[in-house]
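Enquirer: Make a model of this:
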Amino acid sequence: MPERRAQAPAELERTLELKGSDPYVSGILALVYNDLGQYQKAIASAKRGLEGNSGQSAALLYYQWGAALSKLESFDESIAMFERVLATKDPQWIDSAKKQIDRQVRLKKIAEQKKAQG
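Expert: Take a look at the predicted model:
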């Protein structure tokens, strides 16, 4: 299973090459990159999926972008991405985005406390 997981980005990239721009595939690719700890690639994939996108899969793309920013400890930017998820008004993503915004606020406070201590 781990080997197959490591192969997923290449397969998804190939799908995008063959199919052209596909926001959903870009969103899944961003999710896979996030799972693999490749946060800059996750952000790039989300951005690519949003280019010329008429809103299709926007919530998924913004969510994955926000998740990557969170892992990079860019909490304010992460909050902004999760707020964009809310702005899509996609009922499938609203609860998760609200929880993530609260989580980012908490993580930001913890990071600030650690910085102040030392």
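
Enquirer: Quick check: which element contains the residue nearest in space to the middle of the chain?
Expert: What sits nearest the mean C-alpha location of the chain, by C-alpha atoms, centre = their mean, is residue 64, with 1.3 Å. Under the criterion of DSSP states H and E, residue 64 resides in helix 58-71.

Enquirer: So what touches that helix?
Expert: 23-24, 26-28, 30-31, 33-34, 37, 39-40, 42-43, 45-47, 49-50, 53, 75, 77-82, 84-85, 88, 90, 92-93, 96-97, 100, 103-104, 107 (C-beta atoms under 8 Å, 6 or more residues apart in numbering). To be clear about C-beta, it is placed using only N, CA and C from the backbone, and glycine gets the same treatment.

Enquirer: I'd like the mean pLDDT over the following helix or strand past it, please.
Expert: Downstream of helix 58-71, the next assigned helix or strand under DSSP H and E is helix 75-88. On average, the pLDDT along helix 75-88 is 97.

Enquirer: One more: stretch 102-111?
Expert: Averaging pLDDT along stretch 102-111 yields 97.

Enquirer: And that stretch, how far out from the chain middle?
Expert: Centre-to-centre, stretch 102-111 and its host chain are 17 Å apart (C-alpha atoms, centre = their mean, to the nearest Å).

Enquirer: Kindly export that stretch (C-alpha atoms) in PDB.
Expert: What follows is stretch 102-111 as a C-alpha-only set of coordinates in PDB (Å, rounded to 0.1, in the frame of the first residue of the first chain):
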ATOM      1  CA  ASP A 102     -11.100  27.300  14.800                       C
ATOM      2  CA  ARG A 103      -8.200  24.900  14.700                       C
ATOM      3  CA  GLN A 104      -5.900  27.400  12.900                       C
ATOM      4  CA  VAL A 105      -6.700  30.100  15.400                       C
ATOM      5  CA  ARG A 106      -5.700  27.700  18.200                       C
ATOM      6  CA  LEU A 107      -2.500  26.600  16.400                       C
ATOM      7  CA  LYS A 108      -1.500  30.200  15.800                       C
ATOM      8  CA  LYS A 109      -1.900  31.000  19.500                       C
ATOM      9  CA  ILE A 110       0.200  27.900  20.500                       C
ATOM     10  CA  ALA A 111       2.900  29.000  18.000                       C
END
